[in-house]
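Engineer: Let me see the structure of the following:
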Amino acid sequence: MARLLILGAMAALFFSSTFVLNRAMSLDGGPWVWSASLRYAFMLPILVAWTLASGGVRGLRDTLALFAAHPLFWTLAGSVGFGVFYAGVTLASVFSPGWVVATTWQVTILCSPVVLALLGRRVPAKGLVFTALIFAGIVLVNLEQARSAADVGSLWGVAAVLVAAFAYPLGNQLVWEARHGGGRGKGLLARIPRIDQPALDAGRAPTLLLTIGSIPFWIALVAFTQPPPPATGQIVQTALVALFSGVVATTLFLRARSLAKSAYELAATDATQSLEVVFSLLGETLLLAGPWPGILGAAGIALAVAGLVLYVCRQV
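Structural biologist: The predicted structure follows:
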(Lines give C-alpha, C1' and ligand atoms only; values in the text may rest on other atoms or scores of the structure.)
Protein backbone atom coordinates (compact mmCIF):
# COMPACT_ATOMS: atom_id res chain seq x y z
CA MET A 1 0.00 0.00 0.00
CA ALA A 2 2.96 2.32 0.54
CA ARG A 3 3.56 2.35 -3.22
CA LEU A 4 -0.02 3.46 -3.84
CA LEU A 5 0.32 6.35 -1.41
CA ILE A 6 3.69 7.47 -2.78
CA LEU A 7 2.30 7.53 -6.30
CA GLY A 8 -0.79 9.37 -5.02
CA ALA A 9 1.34 11.96 -3.20
CA MET A 10 3.44 12.55 -6.33
CA ALA A 11 0.22 12.99 -8.31
CA ALA A 12 -1.01 15.52 -5.74
CA LEU A 13 2.17 17.56 -6.20
CA PHE A 14 1.63 17.84 -9.93
CA PHE A 15 -2.14 18.25 -9.56
CA SER A 16 -1.58 21.31 -7.39
CA SER A 17 -0.30 23.21 -10.45
CA THR A 18 -3.90 23.20 -11.66
CA PHE A 19 -5.16 25.35 -8.77
CA VAL A 20 -2.25 27.80 -8.82
CA LEU A 21 -2.16 28.34 -12.59
CA ASN A 22 -5.95 28.45 -12.96
CA ARG A 23 -6.08 31.16 -10.30
CA ALA A 24 -3.31 33.07 -12.09
CA MET A 25 -5.23 32.91 -15.37
CA SER A 26 -8.44 34.00 -13.65
CA LEU A 27 -6.71 37.01 -12.07
CA ASP A 28 -5.41 37.94 -15.54
CA GLY A 29 -8.96 37.86 -16.92
CA GLY A 30 -8.67 34.69 -18.99
CA PRO A 31 -12.05 32.98 -19.71
CA TRP A 32 -12.39 29.87 -17.55
CA VAL A 33 -13.83 27.90 -20.47
CA TRP A 34 -10.51 28.11 -22.33
CA SER A 35 -8.56 27.23 -19.20
CA ALA A 36 -10.61 24.04 -19.06
CA SER A 37 -10.98 22.99 -22.68
CA LEU A 38 -7.50 23.92 -23.91
CA ARG A 39 -5.97 21.70 -21.24
CA TYR A 40 -7.43 18.64 -22.95
CA ALA A 41 -6.67 19.99 -26.41
CA PHE A 42 -2.99 20.06 -25.38
CA MET A 43 -3.17 16.74 -23.55
CA LEU A 44 -4.34 14.83 -26.61
CA PRO A 45 -1.21 15.28 -28.79
CA ILE A 46 1.09 14.88 -25.78
CA LEU A 47 -0.52 11.56 -24.87
CA VAL A 48 -0.51 10.36 -28.48
CA ALA A 49 3.20 11.19 -28.79
CA TRP A 50 3.93 9.44 -25.48
CA THR A 51 2.04 6.35 -26.57
CA LEU A 52 3.93 6.26 -29.88
CA ALA A 53 7.26 6.72 -28.11
CA SER A 54 6.62 3.93 -25.63
CA GLY A 55 4.59 1.44 -27.66
CA GLY A 56 5.05 2.44 -31.27
CA VAL A 57 2.31 2.53 -33.87
CA ARG A 58 1.00 -0.81 -32.64
CA GLY A 59 0.64 0.50 -29.08
CA LEU A 60 -1.35 3.49 -30.29
CA ARG A 61 -3.48 1.31 -32.55
CA ASP A 62 -4.24 -1.10 -29.70
CA THR A 63 -5.23 1.78 -27.41
CA LEU A 64 -7.50 3.34 -30.01
CA ALA A 65 -9.02 -0.10 -30.60
CA LEU A 66 -10.13 -0.10 -26.96
CA PHE A 67 -12.01 3.12 -27.61
CA ALA A 68 -13.53 1.81 -30.83
CA ALA A 69 -14.74 -1.31 -29.02
CA HIS A 70 -16.58 0.70 -26.32
CA PRO A 71 -17.10 4.29 -27.59
CA LEU A 72 -20.17 5.03 -25.48
CA PHE A 73 -18.46 3.89 -22.29
CA TRP A 74 -15.34 6.00 -22.85
CA THR A 75 -17.41 9.03 -23.92
CA LEU A 76 -19.53 8.77 -20.76
CA ALA A 77 -16.57 8.18 -18.45
CA GLY A 78 -14.51 10.92 -20.13
CA SER A 79 -17.33 13.46 -20.10
CA VAL A 80 -17.98 12.86 -16.40
CA GLY A 81 -14.48 12.13 -15.08
CA PHE A 82 -12.64 14.74 -17.16
CA GLY A 83 -15.32 17.07 -18.56
CA VAL A 84 -17.67 17.84 -15.67
CA PHE A 85 -14.78 17.51 -13.21
CA TYR A 86 -12.45 20.04 -14.79
CA ALA A 87 -15.15 22.46 -15.90
CA GLY A 88 -16.17 22.72 -12.24
CA VAL A 89 -12.61 23.21 -10.99
CA THR A 90 -11.80 25.97 -13.48
CA LEU A 91 -15.12 27.74 -12.90
CA ALA A 92 -14.41 27.75 -9.16
CA SER A 93 -11.07 29.51 -9.73
CA VAL A 94 -13.02 32.58 -10.85
CA PHE A 95 -14.53 32.96 -7.37
CA SER A 96 -11.97 31.67 -4.87
CA PRO A 97 -8.19 31.54 -4.22
CA GLY A 98 -6.42 28.43 -5.45
CA TRP A 99 -5.73 26.98 -2.02
CA VAL A 100 -9.41 27.38 -1.07
CA VAL A 101 -10.46 25.55 -4.24
CA ALA A 102 -7.86 22.87 -3.51
CA THR A 103 -9.11 22.40 0.04
CA THR A 104 -12.77 22.34 -0.97
CA TRP A 105 -11.82 19.89 -3.69
CA GLN A 106 -10.90 17.42 -0.96
CA VAL A 107 -14.61 16.71 -0.57
CA THR A 108 -13.90 14.30 -3.43
CA ILE A 109 -12.43 12.07 -0.72
CA LEU A 110 -15.85 12.04 0.91
CA CYS A 111 -17.50 11.40 -2.44
CA SER A 112 -15.25 8.40 -3.17
CA PRO A 113 -16.90 6.09 -0.58
CA VAL A 114 -20.29 7.26 -1.86
CA VAL A 115 -19.35 6.34 -5.41
CA LEU A 116 -17.97 3.00 -4.24
CA ALA A 117 -21.19 2.29 -2.36
CA LEU A 118 -23.31 3.18 -5.40
CA LEU A 119 -21.29 0.66 -7.40
CA GLY A 120 -21.68 -2.05 -4.77
CA ARG A 121 -18.30 -1.65 -3.07
CA ARG A 122 -18.00 -1.31 0.70
CA VAL A 123 -15.45 0.82 2.54
CA PRO A 124 -14.61 -0.26 6.15
CA ALA A 125 -16.01 1.96 8.90
CA LYS A 126 -12.59 3.26 9.92
CA GLY A 127 -12.09 4.56 6.38
CA LEU A 128 -15.34 6.50 6.64
CA VAL A 129 -14.24 8.03 9.96
CA PHE A 130 -10.96 9.25 8.44
CA THR A 131 -12.86 10.60 5.44
CA ALA A 132 -15.20 12.50 7.77
CA LEU A 133 -12.17 14.04 9.50
CA ILE A 134 -10.91 15.32 6.18
CA PHE A 135 -14.37 16.70 5.40
CA ALA A 136 -14.40 18.56 8.73
CA GLY A 137 -11.19 20.29 7.66
CA ILE A 138 -12.83 21.33 4.40
CA VAL A 139 -15.75 22.86 6.32
CA LEU A 140 -13.38 24.94 8.48
CA VAL A 141 -11.56 26.32 5.46
CA ASN A 142 -14.80 27.37 3.81
CA LEU A 143 -16.16 28.89 7.02
CA GLU A 144 -13.16 31.19 7.10
CA GLN A 145 -13.54 32.02 3.42
CA ALA A 146 -17.24 32.79 3.89
CA ARG A 147 -16.50 35.18 6.75
CA SER A 148 -14.04 37.19 4.65
CA ALA A 149 -15.89 37.06 1.32
CA ALA A 150 -17.19 40.38 0.02
CA ASP A 151 -20.17 38.74 -1.70
CA VAL A 152 -21.81 35.39 -2.20
CA GLY A 153 -19.78 34.72 -5.34
CA SER A 154 -17.50 32.34 -3.46
CA LEU A 155 -20.52 30.10 -2.80
CA TRP A 156 -20.80 29.51 -6.54
CA GLY A 157 -17.17 28.44 -6.48
CA VAL A 158 -17.91 25.98 -3.68
CA ALA A 159 -20.91 24.59 -5.59
CA ALA A 160 -18.82 24.12 -8.73
CA VAL A 161 -16.13 22.26 -6.81
CA LEU A 162 -18.70 20.02 -5.11
CA VAL A 163 -20.05 18.90 -8.49
CA ALA A 164 -16.51 18.33 -9.77
CA ALA A 165 -15.58 16.43 -6.61
CA PHE A 166 -18.28 13.85 -7.28
CA ALA A 167 -17.69 13.60 -11.03
CA TYR A 168 -13.97 12.84 -10.76
CA PRO A 169 -14.11 9.68 -8.60
CA LEU A 170 -17.16 8.49 -10.54
CA GLY A 171 -15.32 8.68 -13.85
CA ASN A 172 -12.21 7.04 -12.40
CA GLN A 173 -14.18 4.29 -10.72
CA LEU A 174 -16.01 3.48 -13.93
CA VAL A 175 -12.60 2.75 -15.48
CA TRP A 176 -11.52 0.66 -12.48
CA GLU A 177 -14.75 -1.34 -12.61
CA ALA A 178 -14.37 -1.95 -16.34
CA ARG A 179 -10.88 -3.31 -15.75
CA HIS A 180 -11.62 -5.36 -12.64
CA GLY A 181 -15.29 -6.26 -12.57
CA GLY A 182 -17.29 -4.95 -15.49
CA GLY A 183 -20.26 -6.97 -16.63
CA ARG A 184 -20.69 -8.59 -13.23
CA GLY A 185 -23.09 -8.07 -10.36
CA LYS A 186 -26.40 -6.26 -10.59
CA GLY A 187 -27.67 -2.84 -11.54
CA LEU A 188 -25.11 -0.34 -12.82
CA LEU A 189 -22.21 -2.79 -12.50
CA ALA A 190 -23.86 -5.12 -14.99
CA ARG A 191 -23.98 -2.28 -17.55
CA ILE A 192 -20.26 -1.50 -17.34
CA PRO A 193 -18.33 -3.36 -20.06
CA ARG A 194 -15.61 -5.81 -19.11
CA ILE A 195 -12.33 -4.48 -20.55
CA ASP A 196 -9.76 -7.05 -19.51
CA GLN A 197 -6.70 -5.31 -20.92
CA PRO A 198 -3.42 -4.94 -18.94
CA ALA A 199 -2.76 -1.72 -20.87
CA LEU A 200 -5.29 0.00 -18.61
CA ASP A 201 -3.00 -0.61 -15.62
CA ALA A 202 -0.27 1.71 -16.92
CA GLY A 203 -2.23 4.92 -16.42
CA ARG A 204 -1.22 6.35 -19.79
CA ALA A 205 -3.79 4.38 -21.80
CA PRO A 206 -6.87 5.23 -19.69
CA THR A 207 -5.77 8.88 -19.57
CA LEU A 208 -5.67 8.97 -23.37
CA LEU A 209 -8.98 7.14 -23.69
CA LEU A 210 -10.74 9.43 -21.19
CA THR A 211 -9.29 12.48 -22.96
CA ILE A 212 -10.67 11.31 -26.30
CA GLY A 213 -13.99 10.54 -24.65
CA SER A 214 -14.21 14.07 -23.21
CA ILE A 215 -13.83 15.82 -26.60
CA PRO A 216 -17.59 16.02 -27.35
CA PHE A 217 -18.16 17.62 -23.93
CA TRP A 218 -15.56 20.35 -24.56
CA ILE A 219 -16.85 21.11 -28.04
CA ALA A 220 -20.38 21.46 -26.68
CA LEU A 221 -19.23 23.67 -23.76
CA VAL A 222 -17.29 26.08 -26.00
CA ALA A 223 -20.18 26.23 -28.48
CA PHE A 224 -22.64 26.99 -25.67
CA THR A 225 -20.59 29.65 -23.83
CA GLN A 226 -18.90 31.25 -26.88
CA PRO A 227 -15.97 32.75 -24.93
CA PRO A 228 -13.71 35.44 -26.47
CA PRO A 229 -10.39 34.19 -27.91
CA PRO A 230 -7.75 33.28 -25.30
CA ALA A 231 -4.67 35.44 -24.82
CA THR A 232 -1.17 34.09 -25.48
CA GLY A 233 -0.39 33.95 -21.77
CA GLN A 234 -3.47 31.84 -21.08
CA ILE A 235 -2.53 29.43 -23.87
CA VAL A 236 0.99 28.99 -22.47
CA GLN A 237 -0.21 28.50 -18.89
CA THR A 238 -2.88 26.03 -19.99
CA ALA A 239 -0.23 24.04 -21.84
CA LEU A 240 1.75 23.80 -18.58
CA VAL A 241 -1.35 22.62 -16.73
CA ALA A 242 -1.94 20.03 -19.45
CA LEU A 243 1.58 18.66 -19.07
CA PHE A 244 1.99 18.74 -15.28
CA SER A 245 -1.55 18.03 -14.11
CA GLY A 246 -3.30 16.54 -17.09
CA VAL A 247 -0.61 14.12 -18.24
CA VAL A 248 1.90 13.53 -15.42
CA ALA A 249 -0.42 13.77 -12.40
CA THR A 250 -3.37 11.97 -13.95
CA THR A 251 -1.18 9.14 -15.21
CA LEU A 252 0.41 8.70 -11.77
CA PHE A 253 -2.98 8.79 -10.06
CA LEU A 254 -4.66 6.31 -12.38
CA ARG A 255 -1.63 4.06 -12.06
CA ALA A 256 -1.97 4.14 -8.28
CA ARG A 257 -5.69 3.35 -8.48
CA SER A 258 -5.07 0.46 -10.87
CA LEU A 259 -2.79 -1.14 -8.27
CA ALA A 260 -5.46 -0.94 -5.53
CA LYS A 261 -6.99 -4.32 -4.69
CA SER A 262 -9.79 -3.31 -2.32
CA ALA A 263 -12.27 -0.54 -1.62
CA TYR A 264 -10.19 0.58 1.37
CA GLU A 265 -7.06 0.92 -0.77
CA LEU A 266 -9.04 2.83 -3.39
CA ALA A 267 -10.35 5.23 -0.72
CA ALA A 268 -6.87 5.66 0.76
CA THR A 269 -5.36 6.37 -2.65
CA ASP A 270 -8.04 8.98 -3.31
CA ALA A 271 -7.30 10.49 0.11
CA THR A 272 -3.71 11.30 -0.94
CA GLN A 273 -5.17 14.19 -2.88
CA SER A 274 -5.56 16.12 0.38
CA LEU A 275 -1.87 16.97 -0.05
CA GLU A 276 -2.88 19.21 -2.94
CA VAL A 277 -3.97 21.75 -0.31
CA VAL A 278 -0.46 22.07 1.10
CA PHE A 279 1.21 22.22 -2.31
CA SER A 280 -1.35 24.72 -3.66
CA LEU A 281 -1.04 26.96 -0.61
CA LEU A 282 2.75 27.05 -0.89
CA GLY A 283 2.63 27.64 -4.63
CA GLU A 284 0.07 30.43 -4.51
CA THR A 285 1.76 32.17 -1.58
CA LEU A 286 5.23 32.03 -3.13
CA LEU A 287 4.32 32.65 -6.78
CA LEU A 288 1.18 34.81 -6.63
CA ALA A 289 1.76 36.57 -3.29
CA GLY A 290 -1.47 35.08 -2.00
CA PRO A 291 -2.46 35.48 1.67
CA TRP A 292 -1.72 32.82 4.25
CA PRO A 293 -4.78 31.17 5.79
CA GLY A 294 -6.08 32.34 9.14
CA ILE A 295 -6.60 30.21 12.23
CA LEU A 296 -9.66 28.38 10.90
CA GLY A 297 -8.05 27.80 7.53
CA ALA A 298 -4.86 26.45 9.06
CA ALA A 299 -6.84 24.18 11.38
CA GLY A 300 -8.85 22.92 8.42
CA ILE A 301 -5.73 22.09 6.44
CA ALA A 302 -4.28 20.30 9.47
CA LEU A 303 -7.41 18.17 9.85
CA ALA A 304 -7.42 17.25 6.17
CA VAL A 305 -3.80 16.14 6.28
CA ALA A 306 -4.34 14.33 9.60
CA GLY A 307 -7.12 12.30 8.02
CA LEU A 308 -4.72 11.15 5.31
CA VAL A 309 -2.06 10.24 7.86
CA LEU A 310 -4.58 8.10 9.74
CA TYR A 311 -5.46 6.33 6.51
CA VAL A 312 -1.80 5.39 6.17
CA CYS A 313 -1.27 4.37 9.81
CA ARG A 314 -4.43 2.28 10.13
CA GLN A 315 -4.40 0.41 6.82
CA VAL A 316 -5.97 -3.03 6.87
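Engineer: List the buried residues of stretch 244-263.
Structural biologist: Buried residues in stretch 244-263, counting neighbours by 16 or more other CB atoms under 10 Å, are found at 244-258, 260, 263. Placement of C-beta: from N, CA and C, glycine included.
Engineer: out of those, which are inside strands?
Structural biologist: Using DSSP state E, no member of the buried residues of stretch 244-263 falls in strands.
Engineer: So which of those residues belong to helices?
Structural biologist: Among those, the members falling in helices (DSSP state H) are Thr250, Thr251, Leu252, Phe253, Leu254, Arg255, Ala256, Arg257, Ser258, Ala263.
Engineer: Spatially nearest residue to the last one (excluding sequence neighbours)?
Structural biologist: It stands for Ala263. Arg121 (4.3 Å; CB to CB, 6 or more residues apart in numbering).
Engineer: ok, so what distance separates that neighbour from Lys261?
Structural biologist: With distances taken as CB to CB, to the nearest Å, Arg121 is found 12 Å from Lys261.
Engineer: one step back: for the ones in helices among the buried residues of stretch 244-263, could you give me a markdown table that also reports pLDDT?
Structural biologist: As requested, those are arranged in a markdown table below (pLDDT from 0 to 100):
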| residue | pLDDT |
| --- | --- |
| Thr250 | 83 |
| Thr251 | 86 |
| Leu252 | 88 |
| Phe253 | 86 |
| Leu254 | 82 |
| Arg255 | 85 |
| Ala256 | 86 |
| Arg257 | 83 |
| Ser258 | 81 |
| Ala263 | 75 |
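Engineer: which two of those residues lie the greatest distance from each other?
Structural biologist: The largest separation in those, counting by CB to CB, is between Thr251 and Ala263 at 22.7 Å.
Engineer: could you list every residue that touches Ser214?
Structural biologist: Applying CB atoms under 8 Å, 6 or more residues apart in numbering, we find Ser214 in contact with Tyr40, Gly78, Ser79, Gly81, Phe82, Gly83.
Engineer: scratch that, Ala9 is what I was asking about
Structural biologist: Shown in contact with Ala9 (CB under 8 Å, 6+ apart): Thr272, Leu275.
Engineer: Sort out for me which of the contacts of Ser214 are in helices.
Structural biologist: Going by DSSP H, the helices hold Tyr40, Gly78 from these.
Engineer: and the contacts of Ser214 as JSON lines, adding pLDDT, distance to Gly203 and neighbour count?
Structural biologist: Formatted as JSON lines, the contacts of Ser214 follow (pLDDT from 0 to 100; distance: CB to CB, whole Å; neighbours: other CB atoms under 10 Å):
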{"residue": "Tyr40", "pLDDT": "94", "distance to Gly203": "16", "neighbour count": "23"}
{"residue": "Gly78", "pLDDT": "96", "distance to Gly203": "15", "neighbour count": "27"}
{"residue": "Ser79", "pLDDT": "97", "distance to Gly203": "20", "neighbour count": "22"}
{"residue": "Gly81", "pLDDT": "94", "distance to Gly203": "14", "neighbour count": "25"}
{"residue": "Phe82", "pLDDT": "94", "distance to Gly203": "14", "neighbour count": "29"}
{"residue": "Gly83", "pLDDT": "96", "distance to Gly203": "19", "neighbour count": "27"}
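Engineer: Let me have the contacts of Ser214 in TSV, adding distance to Pro293 as columns.
Structural biologist: Below are these laid out as TSV (distance: CB to CB, whole Å):
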residue	distance to Pro293
Tyr40	31
Gly78	34
Ser79	34
Gly81	29
Phe82	29
Gly83	31
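Engineer: what's the angle from the helix or strand containing Gly59 to helix 250-259?
Structural biologist: Secondary structure from DSSP states H and E places Gly59 in helix 32-69. Going by axes from the mean of the first three to the mean of the last three CA atoms, to 10 degrees, helix 32-69 is angled at 50 degrees with respect to helix 250-259.
Engineer: list the buried ones in helix 32-69?
Structural biologist: 32-44, 46-48, 50-51, 55, 59-60, 63, 66-67.
Engineer: quick one: it to chain centroid distance?
Structural biologist: Offset of helix 32-69 from its chain centre (CA atoms, centre = their mean, to the nearest Å): 18 Å.
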